[in-house]
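J.: any chance you could fold what I've pasted below:
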Amino acid sequence: MEPPPRVITETEYVQPQKPIVPQPQPLELREVEFVVVTPDNVEEVFDSLKSDDIVIFGLTDEGYEDIALNLADLRAYIQQQKKIIGIYESQYD
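T.: Residues are numbered from 1 along each chain as shown. The predicted model follows:
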């Protein structure tokens, strides 16, 4: 009986190629016009709206604050994601 053939194992370290992912285009945000309606200017504001196709959305001061806080949270989340992406990209440099 013959002995089994000899198995030779070699380790080869391979650096993975950096994925080619283009940077996203910069945002071009649209201008938003806010009109503050108070008891003092309500009639004037509604008169100016009669000639335009405008929809009115109302917010309380608390609701407006919540929107501002949500945007701040989104901004912080995006910054965190950028740091994570930077860590992954540095693995290929």
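J.: need the pLDDT of the most centrally placed residue in the chain.
T.: The geometric centre of the chain, computed from its C-alpha atoms, lies nearest to I78 (Cα atoms, centre = their mean), at 5.1 Å. What the model reports as pLDDT for I78 is 95.
J.: how about low-confidence regions in this protein?
T.: Counting by pLDDT under 70, the chain has low-confidence residues at 52, 93.
J.: in it, which spans are strands?
T.: Ranges of strands in the chain, per DSSP state E: none exist.
J.: go through it and flag its longest helix.
T.: For the chain, the helix with the greatest residue count under DSSP state H is helix 61-90.
J.: how much distance is there from that helix to the middle of the chain?
T.: In terms of Cα atoms, centre = their mean, to the nearest Å, the gap separating the centre of helix 61-90 from the centre of its chain is 7 Å.
J.: what does stretch 34-46 give?
T.: Between the mean C-alpha position of stretch 34-46 and that of its chain there is a distance of 33 Å (Cα atoms, centre = their mean).
J.: same thing with stretch 2-21?
T.: In terms of Cα atoms, centre = their mean, the centre of stretch 2-21 is set 40 Å apart from its chain centre.
J.: cool, and stretch 85-93?
T.: If you compare the mean C-alpha spot of stretch 85-93 with that of the full chain, they lie 20 Å apart, counting by Cα atoms, centre = their mean.
J.: can I get that stretch in PDB, CA atoms only?
T.: The C-alpha atoms that make up stretch 85-93 are tabulated as PDB, following Å, rounded to 0.1, in the frame of the first residue of the first chain:
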ATOM      1  CA  ILE A  85     -16.900  55.300   5.600                       C
ATOM      2  CA  GLY A  86     -13.600  57.000   6.200                       C
ATOM      3  CA  ILE A  87     -12.500  54.200   8.400                       C
ATOM      4  CA  TYR A  88     -13.400  51.600   5.800                       C
ATOM      5  CA  GLU A  89     -11.700  53.600   3.000                       C
ATOM      6  CA  SER A  90      -8.500  53.900   5.100                       C
ATOM      7  CA  GLN A  91      -8.200  50.100   5.100                       C
ATOM      8  CA  TYR A  92      -7.400  50.300   1.300                       C
ATOM      9  CA  ASP A  93      -4.700  53.100   1.500                       C
END
